[in-house]
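Novice: Pasted the sequence and its predicted model underneath.
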Amino acid sequence: MTMPRRRFLGGAAALTLASLPAAGAPAAAAGAPGGRPRPARVDVTLTHEGWELSPSGPLRAGVTGFHATTRDESGHYFSILRMRRGTTIERAIELITAGNSDDPEIALPARRALYREVDFNGGAAVYPGRRTIYTTCLRDTTYHLGEAAAQWVPDRPPFHVAPVEVTGPGVDTPPLRADVRLTARQTTDGPVFDIRGRFPADSVIRFDNKTPLPQEIILRKLIDGKTAEDVAAYYDSLRSGSPLPEPYVQERFGGMLPISPGRRGTVRVEGLPTGLFSILSHVKDPYTGETQASQGAYSVVELC
């Protein structure tokens, strides 16, 4: 049976941001093992012109899985944002643009305001040949969804974005099914990632953010022969101002985009190879400009 699709193509007038797609999902399906409802499924096809969702229809509140794919070598970022009271998407775009400035006097206060005024609800980093499945619980509210190229691509907007309405009662804290749990927590020495050190490559990872900043989980594969000690040395070198070469292969594998403090979601990246990976956060500290990974928000794990 062919499912209906809803297509969004951003043009020159499209708002531009830097990390999210647009609307359409059925209500959650019933009948999963153990009596839990299955997440509603939304297939997301990402291109440099925007995105296409299948099936069409309004988004319903509740647990929703976004199955994101792309054929583009650049990869794509797909995020879900909610504007906090009094904030507009135009204001968010201004803050993101300023937060990417090379001038810390512009970038740092913009990031502080961005993290305060925008509720980050996750999303997916997606690369060709690997579907990324991001699952979250949507509320009865307005979100902004969109798309950005993961690497710079000429002659396209930096970002496509559009609002989407979500309706229905939903559930405040539904269970999210997962094989592995990762918790980001804050210590006196900085943020840390707590996760089991060895698990199957096809695992669903549940991520709980218990730090005071938005956090993401990005998967980077270590070069053969590199170890957790090499990763630690690399991030220490970033903080010292004398960076070492990255201990990672050039190929990118994807992950989950930022979620705000107190939020959770799950992610599964299909087709991952086995071996040592870093799971890390590139989110920047709004006071120092350092990435969260360089402050300790990473963990080296073995996928088997």
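Specialist: Sure thing, it's come through. Residues are numbered from 1 along each chain as shown.

Novice: what are the ranges of the strands in the stretch 101-250 of the chain?
Specialist: 118-126, 132-138, 142-149, 160-167, 180-187, 190-194, 198-199, 205-210, 215-221 (DSSP state E, counting those that start in this stretch).

Novice: for these, which one ends up most surrounded?
Specialist: Across these, the average number of neighbours (mean count of other C-beta atoms under 10 Å) peaks for strand 118-126, which reaches a mean of 26. No exception for glycine: its C-beta is placed from N, CA and C like everyone else's.

Novice: Now find how far off-centre it is within its chain.
Specialist: Distance of strand 118-126 from its chain centroid, counting by C-alpha atoms, centre = their mean, to the nearest Å, is 4 Å.

Novice: taking the mean pLDDT, what do you get for it?
Specialist: Averaged across strand 118-126, the pLDDT comes to 97.

Novice: Against which helices or strands is that strand packed?
Specialist: Packing partners of strand 118-126 (3 or more C-beta pairs under 8 Å, 6 or more residues apart in numbering; DSSP states H and E): strand 62-70, strand 76-83, strand 132-138, strand 255-259, strand 264-269.

Novice: Deepest in the core, which of those is it.
Specialist: strand 255-259 (a mean of 27).

Novice: what lines up beside it in the sheet?
Specialist: strand 118-126 (antiparallel), strand 215-221 (antiparallel) (DSSP bridges).

Novice: Off-centre distance for that strand?
Specialist: 2 Å.

Novice: now swap in stretch 267-282 and tell me
Specialist: That offset, for stretch 267-282, works out to 13 Å (C-alpha atoms, centre = their mean).

Novice: buried sites along that stretch?
Specialist: 267, 268, 269, 272, 276, 277, 278, 279, 280, 281, 282 (16 or more other C-beta atoms under 10 Å).

Novice: do stretch 91-108 as well
Specialist: 92, 93, 95, 96, 97, 98, 99, 107, 108.

Novice: I'd like the helices and strands packed on strand 118-126 as TSV, with mean pLDDT and distance to residue 43 appended.
Specialist: As requested, the helices and strands packed on strand 118-126 are arranged in TSV below (pLDDT from 0 to 100; distance: least, C-beta to C-beta, whole Å):
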stretch	mean pLDDT	distance to residue 43
strand 62-70	94	5
strand 76-83	96	12
strand 132-138	95	10
strand 255-259	97	18
strand 264-269	96	15
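
Novice: can I get the ones you listed in a markdown table with distance to residue 225?
Specialist: Shown next, in a markdown table, are the helices and strands packed on strand 118-126 (distance: least, C-beta to C-beta, whole Å):
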| stretch | distance to residue 225 |
| --- | --- |
| strand 62-70 | 31 |
| strand 76-83 | 30 |
| strand 132-138 | 28 |
| strand 255-259 | 23 |
| strand 264-269 | 23 |
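
Novice: Please name whichever of those is nearest to residue 155.
Specialist: strand 76-83 (16.0 Å; C-beta to C-beta).

Novice: Quick one: list the elements packing against that closest one.
Specialist: Counting by 3+ C-beta pairs under 8 Å, 6+ apart, strand 76-83 packs on strand 40-47, strand 62-70, helix 89-99, strand 118-126, strand 142-149, strand 255-259.

Novice: buried sites along the first one?
Specialist: Residues 40, 41, 42, 43, 44, 45, 46, 47 are the ones in strand 40-47 that count as buried (16+ other C-beta under 10 Å).

Novice: rewinding a little: of all the helices and strands packed on strand 76-83, which one comes closest to residue 168?
Specialist: That would be strand 62-70 among the helices and strands packed on strand 76-83, by C-beta to C-beta, at 6.7 Å.

Novice: Measure how far the closest one is from the centre of its chain, please.
Specialist: That offset, for strand 62-70, works out to 12 Å (C-alpha atoms, centre = their mean).

Novice: Now do it and strand 118-126, the angle between them.
Specialist: For strand 62-70 against strand 118-126, the angle by axes from the mean of the first three to the mean of the last three C-alpha atoms, to 10 degrees is 40 degrees.

Novice: Residue 220 contacts residue 253, correct?
Specialist: Yes. Applying C-beta atoms under 8 Å as the test, residue 220 and residue 253 come out as touching, 7.3 Å apart.

Novice: Among the strands paired with strand 255-259, which comes closest to residue 291?
Specialist: Taking these one by one with C-beta to C-beta, strand 215-221 is closest: 10.4 Å.

Novice: Is it possible to get JSON lines of the helices and strands packed on strand 76-83 that adds distance to residue 162?
Specialist: Listed next are those as JSON lines, based on distance: least, C-beta to C-beta, whole Å:
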{"stretch": "strand 40-47", "distance to residue 162": "13"}
{"stretch": "strand 62-70", "distance to residue 162": "15"}
{"stretch": "helix 89-99", "distance to residue 162": "9"}
{"stretch": "strand 118-126", "distance to residue 162": "14"}
{"stretch": "strand 142-149", "distance to residue 162": "6"}
{"stretch": "strand 255-259", "distance to residue 162": "17"}
